[in-house]
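Student: Predicted structure and sequence below. I'll ask about it afterward.
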Amino acid sequence: MHLDSDDDLLCTFRRYLQRCGFSVFSTNSPSVCLERLWWNPPDLLILEPVLPDDRGQHVLSACLDEQGFPRVPVIALSRRSPHYFDRPIEPYHLKPIPVSALVTSIHSVLTRQFSLP
């Protein structure tokens, strides 16, 4: 799943990732993202943590901290420095990021997630 306020970026990444064989649900709505995370958790979330009204931070907190909420690995993409946030986010990439670098990060996260006992 990919949550970002930039519709062009959502479209570009979705097309490229689908060509690489990934199934991608993209949204610019934190509410839709949270609902989808709850009812149909993806293997991973690509998240822009800087969204209006701190909604990206809310989604991040739900994924990492909220008891009973499905644990979903997060890849953060932002124009802000990682030092802007009150917690470390890993992996974290500054925008703009080449799509090929994002694919490498996705493979790394998924490999770690599915190789753990």
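Tutor: Yep, that arrived. Because the structure is predicted, anything quoted here is derived from the model rather than measured. Residues are numbered from 1 along each chain as shown.
Student: What separation is there between the nearest residue to Val109 once chain neighbours are set aside and Gly56?
Tutor: The shortest distance from Val109 to any non-neighbouring residue, by C-beta to C-beta, 6 or more residues apart in numbering, is to Pro73 (5.1 Å). All C-beta atoms are positioned from the backbone trio N, CA, C, and that covers glycine. According to C-beta to C-beta, to the nearest Å, Pro73 and Gly56 sit 16 Å apart.
Student: if you count what's nearby, which of those two comes out ahead?
Tutor: Gly56 (22 against 17; other C-beta atoms under 10 Å).
Student: Pretty sure Thr12 sits against Val99.
Tutor: Yes: at 7.3 Å, Thr12 and Val99 qualify as touching, with contact defined as C-beta atoms under 8 Å.
Student: ok, these two, which is more surrounded?
Tutor: A direct count of neighbours by other C-beta under 10 Å for Thr12 and Val99 places Val99 higher, at 16 against 13.
Student: Retrieve the pLDDT associated with that one.
Tutor: On the pLDDT scale, Val99 is placed at 92.
Student: Can you tell me the centre-most residue of the chain?
Tutor: Ile46 (1.6 Å; C-alpha atoms, centre = their mean).
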